[in-house]
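A.B. asks: Dropping the sequence and predicted coords here.
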Amino acid sequence: VASDVGVVREENQDRVAIVRGCDGAGGVFVVAALADGIGGMKNGAECASLALGTFLETVVSEAQHLSEPQEWLWRASMRANKVIHEKFRGHGGSTLVALLLLKGGRPLWLSIGDSRVYLAGGAKIRQLSRDDTLEGQLGKAPGVRRSDLLQFVGIGYPLEPHIEPLPLDASGTLMLTSDGIHFIEEDYLAKVVHFAPDVGLCAKRLTELAKMLGGPDNASVAAVSMEALSGESEP
């Protein structure tokens, strides 16, 4: 993981973490999550912290009940939405993206807002998530502004988290990014990931590149190697 305030902002309102745990049957899982407090609303940093902390705590709790992994993600995102909405009444919020990787199970991703989930491999990159913005849903059109969020954590109800399994042929590096990273052209993102010797340097180089290109927003990334996860590792 890596996070940087950038050049323009005075406060970093991004939050990012990776957690490893066990479900009720002893099965190992890893969950990575990134939250970006919404600029122009109240207490963006606090909302991002609440979104991330509540989401991760609920995933760990739900994993003990032997329910379906999709339920862990859905319940965790809905609880985070409830906690933030009860405190700020729709006047504060956060985006949220997450990856759930299960030993022996198919990985899942979640997205709410305009932070992104990418899959990079072989010097190519593709966005798995779809931005919850007018442009993300309708494509580029006259008068459509990218920043018009259709939903976010803390908006209240209804909320529709996007939860999908990774493609069966998924390999390479999975990334969660805030918009301070993904304003960079995808070709450059793909090259940075491809030439980085490990995911730690990959994350660091992406935040450094964002700052070199003007740092217009907080830049955060969580990078996970699919190849590393496929092997055995010590606790």
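C.D. replies: Everything's here; your move.

A.B. asks: What separation do you get for the most centrally placed residue in the chain and Leu50?
C.D. replies: The residue lying closest to the centre of the chain (C-alpha atoms, centre = their mean) is Val97, at 2.7 Å. To Leu50, Val97 is 16 Å away according to C-beta to C-beta, to the nearest Å. (C-beta placed from N, C-alpha, C; glycine too.)

A.B. asks: Also Arg130?
C.D. replies: 24 Å.

A.B. asks: low-confidence ranges in the chain?
C.D. replies: For the chain, the stretches with pLDDT under 70 are 40-42, 137-147, 229-235.

A.B. asks: And the helices in it?
C.D. replies: 44-62, 69-88, 134-138, 179-182, 186-195, 199-212, 226-230 (DSSP state H).

A.B. asks: Distance to Pro161 and mean neighbour count for those - can I get that in CSV?
C.D. replies: Below are these laid out as CSV (distance: least, C-beta to C-beta, whole Å; neighbours: other C-beta atoms under 10 Å):
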stretch, distance to Pro161, mean neighbour count
helix 44-62, 10, 21
helix 69-88, 4, 20
helix 134-138, 15, 15
helix 179-182, 19, 26
helix 186-195, 24, 16
helix 199-212, 24, 19
helix 226-230, 23, 12
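
A.B. asks: So which of the ones you listed is nearest Val28?
C.D. replies: Closest to Val28 of those is helix 226-230 (C-beta to C-beta; 10.0 Å).

A.B. asks: in terms of contact, does Cys203 touch Ala222 like I think?
C.D. replies: For residue 203 the amino acid is Ala, not Cys. Yes: using C-beta atoms under 8 Å, Ala203 is in contact with Ala222, at 7.1 Å.

A.B. asks: Number of residues surrounding the nearest residue to Pro165 once chain neighbours are set aside?
C.D. replies: Leaving out its chain neighbours, the residue that sits closest to Pro165 by C-beta to C-beta, 6 or more residues apart in numbering is Arg106, at 4.8 Å. Arg106: 13 surrounding residues under other C-beta atoms under 10 Å.
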